[in-house]
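J.: With the input below, show me the fold.
(one chain, ligands or ions: 1)
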Amino acid sequence: MSVDLVRRSVLPVLPIINERFSPRAFSERVVTDEELELVLEAARWAPSSMNEQPWRFLVTRRGGTGHAELLGSLNTSNQVWADKAPVLILNLVQRTLSRNGQENFHARHDLGLATAQLTAQATELGMGLHILGGFHADAARAAFGIPEVYDLVSVIALGFPGDPGTLPEHLKERELHHSPRRPLTELVHYGRFNG
Ligand SMILES: Cc1cc2nc3c(=O)[nH]c(=O)nc-3n(C[C@H](O)[C@H](O)[C@H](O)COP(=O)(O)O)c2cc1C
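T.: Below you'll find the predicted structure:
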């Protein structure tokens, strides 16, 4: 079964934007060290408030150190498919500014930018990734001994998209019908805010 590659926007947005989706089916294809480094490097070059670069990435490979622990911290509903992803990445932010110890109000914003760049690079390489907020941060913090100054924000399941036919029936449906979007008229307000 192949995924319909005609994606969502009818406007000529970049192909990596239009073709990206959050897969749950992952193929057996291995992510090479070079591919992994490239997507992390793309994240490194994201802009950030005061160039703090508050993001940190804890990377595990299927069968490798820490992977079972990170997978085990996911909600069961995510574990059932994320266990096929060859790479899991725990996304953290340093909550305080290095320069003065004050709260970095933009830390999560900047992590979002970094993961967006990671996503763009991964998509360009033909990879698929699925960001997950459904995980137990306390369990992951304990498993990896992560200090309190870091917030554990999300997990990325990364690999190459696989055959949706391998998924359980209810997830197969979701894989083939991509998520809708709000219209621009709801999202964008010109000159005044219309609530
Ligand atoms: C911060 C964040 C948390 C998410 N958490 C989950 C999750 O726990 N489980 C899941 O299946 N999808 C999760 N998603 C994926 C979203 O549901 C998905 O991006 C959205 O439905 C749009 O679909 P698309 O990415 O295929 O365009 C998350 C996405 C983001 C950005």
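J.: Next, Lys172: secondary structure please.
T.: Under the three-state scheme (DSSP: H, G, I helix; E, B strand; the rest coil), Lys172 adopts helix.
J.: The closest residue to it other than its chain neighbours: how many residues sit nearby?
T.: Excluding the flanking residues, the one nearest Lys172 by CB to CB, 6 or more residues apart in numbering is Pro164, at 5.2 Å. Glycine gets a C-beta too; all of them are placed from N, C-alpha and C. The tally of other residues near Pro164 (other CB atoms under 10 Å) stands at 18.
J.: now Pro164: how far from Leu71?
T.: Using CB to CB, to the nearest Å, Pro164 is found at 21 Å from Leu71.
J.: I'd say Glu69 and Ala142 touch.
T.: No: using CB atoms under 8 Å, Glu69 makes no contact with Ala142, being 9.2 Å away.
J.: So those two - more neighbours on which side?
T.: Glu69 (16 against 12).
J.: If you drop the residues flanking it in sequence, what lies closest to the more buried one?
T.: Glu69 sits nearest to Ala143 (CB to CB, 6+ apart), 4.0 Å away.
J.: And the residue nearest the centre of the chain?
T.: Ile131 (3.1 Å; CA atoms, centre = their mean).
J.: where does that one fall, phi/psi-wise?
T.: Torsion angles at Ile131 (phi, psi; degrees, to the nearest 10) stand at phi -90, psi 140.
J.: who touches it in this structure?
T.: Contacts for Ile131 (CB atoms under 8 Å, 6 or more residues apart in numbering) come out as 22, 115, 119, 154-156.
J.: Is the ligand within reach of stretch 174-188?
T.: Yes: counting by CB under 6 Å from any ligand atom, the ligand has neighbours in stretch 174-188: 178-179.
J.: If you count neighbours, what's buried in that stretch?
T.: Buried residues in stretch 174-188, counting neighbours by 16 or more other CB atoms under 10 Å, are found at Glu175.
J.: Go ahead and measure how far it is from the middle of the chain.
T.: Relative to its chain's centre, stretch 174-188 lies at 18 Å (CA atoms, centre = their mean, to the nearest Å).
J.: do the longest helix along the chain and the ligand meet?
T.: Counting residues, the longest helix found in the chain (DSSP state H) is helix 107-124. No: using CB under 6 Å from any ligand atom, helix 107-124 stays clear of the ligand, with a minimum separation of 7.8 Å.
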